[in-house]
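Undergrad: I need the structure of the sequence given here:
(one chain, ligands or ions: 1)
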Amino acid sequence: MELFHDTEPSQKQQADQLEESWTAVDPGCPVPSTRDLLEAANVVRKHYRIKVSGPEPPPPLRSWSELTAVAISTQPLAMADAASAAVDAAGGSHHRHGNSKTAQRSGGADGSESTGLAHASPAGPKPVQVLLSRLQQQGYAHPTPIQRQAVPALLASRELLAVAPTGSGKTLAFLVPILVRLRQLKSAGDWPAWPKAVVLSPTHELSAQQARTLNLLLPGSGLRACLLNKATATGNDLSKVDILLANPLRLATMVANRQLDLSGVRFLVLDEADKLFELGFVEQIDGVLAGCSHRDVVRALFSATLPDKVENLARTVLKQPLRVIVGAKNTAVHAVSQRLLYVGQEAGKLLALRQLLAEGLKPPVLVFVASKERAAALHRELLYDGVHVDSISAALSPTACAAAVDNFRSGKTWVLIATDLLGRGMDFVGINTVVNYDFPNSPMDYIHRIGRTGRANKTGCAITFYVEGDAPLLRPIANLIKEANGEVPDWMLRLKKLRTKDRKRPALSPEVVSGANTNTKPVNKGRKKLKRTLATVNANERRQSDT
Ligand SMILES: Nc1ncnc2c1ncn2[C@@H]1O[C@H](COP(=O)(O)OP(=O)(O)OP(=O)(O)O)[C@@H](O)[C@H]1O
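TA: Next up, the predicted model:
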């Protein structure tokens, strides 16, 4: 019986919300039944492969034009009343909005003037409409699946664990609701000093990229954003900043030194959340989470990968989060054709890369290596070959990193050699091929690295070199390729599953060519030896588990 009481009102609430936002799109349409509405939401989710769990998930967006209605229907009442009062004070007429269905239904088919934020925001010209037109101008005609579900969820102030494939538009999935809600808060006069939204990312390059995306959407919003770096941390008046894009270390240090007050933050986004929950970041994240002490703060975690262990940890800091998964969790993007290439010895990698380039790898090509030393060494080798190449790693200054990224974006550089610094989040237009020159350290790193291609509905290709020393990690990567309909030999899939601690591989030399031995054996000749090594790994494993 109790269960009945628990579930019944929540379904009703969910249906009301659906009705409010969906009927607003077409005021003349008959109001569908509760069941129809819930079914309709599920049809949309099923179509876009959106899985959602957690209490009362809001319906997904069917189109961007629903944004206005959703923004109003999810607007906290106090905020709506403040905005109405402001309209009254200004002598304007308005419909009652906030959570009122009547107000929603008075909107035009495109979320038009009568329900637009013009009423909620006397200070500005329909900011949601402005945002919508900016999205259109950028070519974002329809929301991507993660945007469809995450945007209304964040607008409904739901804490969020969101997992969607690489290149599927997660950045806008959190930036759009932040822009909408902050604008509403500003109109309602609820505007404390200090940042109201913080987006944390593991690398400065990723934060800089988010800042670029945000700058395209900010004009007309009346909001200010800031990318936190050495200069802005000391030179800027951060109390005038609404949205702060930052890395954990700098932000946590400023919070600890009381240089920055995060108590007014209403949105805290952790992008590449699983990385941020790794050792090395977690202490800083703790400091930031503690600093964001506003009672209405909404925290959201986004990534393309979310291992169970990290998810369990993440859940301890979220309040009744919604869990939104697009597609299958922890899988490589299917738009990338993937292959593993056995290159014999370590020195065979350079030969293989030269072969691929000579055969005409289509630029732009992103090549991942294991360390900054190896990035520099491979850079030298390819420069010598006359390739338009550059490299980027933690060894470079932020300015040099930014220049390398810009040159690659603009097409001046055809081949960019990178460490895992660029493995996550970076969005380069039209990368055709990713080469994993050095084998990735984990299946998660593999998913992120190859996800630099095949983005936003484009296709791409990923080639992963492997040598004997990579045997311990071969099986999980082969499985990912198989899951994405790639071809891998059966023997790889039959390799014994190793525990994480047994997945260690020999350290790589800083040089990309070991010693003077550049005359490598031709590729493919060492397969038998590799199989023997793998058989030994498996036999050792068996022996250990028998004892
Ligand atoms: N609604 C949309 N319509 C068309 N393109 C979009 C849309 N939203 C985002 N994009 C584009 O898709 C690309 C990938 O977006 P984004 O970088 O946000 O992906 P992501 O999911 O964060 O990827 P990753 O997991 O690698 O960080 C970008 O070039 C972006 O401009």
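
Undergrad: for the ligand, what are the nearby residues on the chain?
TA: Contacts of the chain with the ligand, taken as CB under 6 Å from any ligand atom, map to 140, 143-144, 147, 164, 166-172, 304, 425, 427, 451, 455-456. For the C-beta atoms, the positions are set from N, CA and C on the backbone; glycine is no exception.

Undergrad: So which of these sit within helices?
TA: Applying DSSP state H to these, the entries found in helices are Q147, K170, T171, L172.

Undergrad: By neighbour count, which of these wins?
TA: Tallying neighbours with other CB atoms under 10 Å puts Q147 at the head of these, with 28 neighbours.

Undergrad: Looking at that one now. What's its pLDDT?
TA: You'll see Q147 listed with a pLDDT of 98.

Undergrad: surely it meets G169?
TA: Yes - Q147 is within contact range of G169, at 5.5 Å (criterion: CB atoms under 8 Å).

Undergrad: Q338 reaches I450, doesn't it?
TA: Yes - using CB under 8 Å, Q338 makes contact with I450 at a distance of 6.4 Å.

Undergrad: L160 touches P321, doesn't it?
TA: Yes - the criterion here is CB under 8 Å, and L160 meets it with P321 at 5.9 Å.

Undergrad: Now the common contact residues for the two.
TA: By CB atoms under 8 Å, 6 or more residues apart in numbering, L160 and P321 have these common neighbours: L301.

Undergrad: for the residue in the stretch 1-150 of the chain positioned nearest to the ligand, what are its contacts?
TA: Using CB to the nearest ligand atom, the closest approach of the stretch 1-150 of the chain to the ligand is made by Y140 at 3.7 Å. If you count contacts by CB under 8 Å, 6+ apart, Y140 has them with W64, G169, L172.

Undergrad: what about L498, which helix or strand?
TA: Using DSSP states H and E, L498 sits within no helix or strand.

Undergrad: isn't it right up against P472?
TA: Yes - between L498 and P472 there is a contact under CB under 8 Å: 5.4 Å.

Undergrad: how's the protein carved up into domains?
TA: Domain ranges of the chain: 50-71+142-326, 336-524, per automatic domain parsing.

Undergrad: Could you report the neighbour count for G169?
TA: The burial count for G169: 22, using other CB under 10 Å.

Undergrad: How much space separates it from Y140?
TA: For G169, the distance to Y140 equals 8 Å [CB to CB, to the nearest Å].

Undergrad: what do you get for A375?
TA: For A375, the distance to Y140 equals 34 Å [CB to CB].

Undergrad: Roughly how far does R183 sit from T171?
TA: Separation of R183 from T171 (CB to CB): 18 Å.

Undergrad: Now stretch 403-415 - C-alpha only, PDB.
TA: What follows is stretch 403-415, C-alpha atoms only, in PDB (Å, rounded to 0.1, in the frame of the first residue of the first chain):
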ATOM      1  CA  ALA A 403      49.500  27.600 -30.200                       C
ATOM      2  CA  ALA A 404      49.900  23.900 -31.000                       C
ATOM      3  CA  VAL A 405      46.100  23.400 -30.600                       C
ATOM      4  CA  ASP A 406      45.300  26.400 -32.700                       C
ATOM      5  CA  ASN A 407      47.700  25.400 -35.500                       C
ATOM      6  CA  PHE A 408      46.100  21.900 -35.600                       C
ATOM      7  CA  ARG A 409      42.600  23.400 -35.600                       C
ATOM      8  CA  SER A 410      43.400  25.800 -38.400                       C
ATOM      9  CA  GLY A 411      45.000  23.000 -40.600                       C
ATOM     10  CA  LYS A 412      48.600  24.400 -40.400                       C
ATOM     11  CA  THR A 413      49.600  21.200 -38.700                       C
ATOM     12  CA  TRP A 414      48.600  17.900 -40.200                       C
ATOM     13  CA  VAL A 415      49.800  15.500 -37.600                       C
END
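
Undergrad: tell me the most buried of the domains of the chain?
TA: domain 50-71+142-326 (a mean of 20; mean count of other CB atoms under 10 Å).

Undergrad: end-to-end on that domain?
TA: Using CA to CA, to the nearest Å, the end-to-end distance of domain 50-71+142-326 comes out at 5 Å.

Undergrad: What ranges does the stretch 351-500 of the chain have for its strands?
TA: Under the criterion DSSP state E, counting those that start in this stretch, the stretch 351-500 of the chain contains strands at 365-368, 389-392, 415-418, 433-436, 460-466.

Undergrad: Put together CSV for those, with mean pLDDT on each row.
TA: Compiled in CSV, the strands of the stretch 351-500 of the chain are given as follows (pLDDT from 0 to 100):
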stretch, mean pLDDT
strand 365-368, 97
strand 389-392, 95
strand 415-418, 96
strand 433-436, 97
strand 460-466, 96
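
Undergrad: can you give me the strands in the stretch 201-350 of the chain?
TA: Applying DSSP E, counting those that start in this stretch to the stretch 201-350 of the chain gives strands spanning 225-227, 243-246, 267-271, 298-303, 322-326, 336-342.

Undergrad: Now render those as a markdown table, adding mean pLDDT and distance to A358.
TA: As requested, those are exported to a markdown table (pLDDT from 0 to 100; distance: least, CB to CB, whole Å):
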| stretch | mean pLDDT | distance to A358 |
| --- | --- | --- |
| strand 225-227 | 96 | 40 |
| strand 243-246 | 97 | 41 |
| strand 267-271 | 97 | 38 |
| strand 298-303 | 97 | 37 |
| strand 322-326 | 97 | 39 |
| strand 336-342 | 96 | 15 |
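
Undergrad: Nearest to L396, out of those strands?
TA: strand 225-227 (17.8 Å; CB to CB).

Undergrad: Sheet-wise, list the partners of the closest one with their directions.
TA: strand 243-246 (parallel) (DSSP bridges).

Undergrad: Who's the closest spatial neighbour of the residue of the stretch 401-547 of the chain found nearest the ligand, skipping the chain neighbours?
TA: Of all residues in the stretch 401-547 of the chain, the one sitting closest to the ligand is A456 (3.3 Å; CB to the nearest ligand atom). Closest residue in space to A456, ignoring its immediate chain neighbours: G167 at 5.5 Å, by CB to CB, 6 or more residues apart in numbering.

Undergrad: residues in contact with that neighbour?
TA: Counting by CB under 8 Å, 6+ apart, G167 touches V333, A335, D427, G451, G454, R455, A456, K458.

Undergrad: Go ahead and confirm the second one touches N457.
TA: Yes - shown here, A335 and N457 form a contact pair, counting by CB under 8 Å, at 7.2 Å.

Undergrad: Give me the distance between the residue lying closest to F174 once chain neighbours are set aside and R449.
TA: Among residues not flanking F174 along the chain, V269 sits closest, at 4.6 Å (CB to CB, 6+ apart). Computed with CB to CB, the distance linking V269 and R449 is 23 Å.

Undergrad: what do you get for R258?
TA: For R258 relative to R449 (CB to CB), the value is 39 Å.

Undergrad: now swap in Q129 and tell me
TA: 39 Å.

Undergrad: With V415 instead?
TA: From V415 to R449 the distance is 15 Å (CB to CB).

Undergrad: and if you look at N312?
TA: With distances taken as CB to CB, N312 is found 25 Å from R449.

Undergrad: and what of G469?
TA: Separation of G469 from R449 (CB to CB): 18 Å.

Undergrad: for the protein, which spans come out with low pLDDT?
TA: Residues of the chain meeting the criterion pLDDT under 70: 1-32, 77-125, 500-503, 513-547.

Undergrad: residue contacts, L161?
TA: Residues near L161 by CB under 8 Å, 6+ apart: A273, A300, L301, L306, E311, A314, R315, L318, P321, L322, R323, V324.

Undergrad: let me fix that: S391
TA: So, once contact is read as CB under 8 Å, 6+ apart, S391 ends up touching A375, A376, L378, H379, A404, L416, I417, A418.
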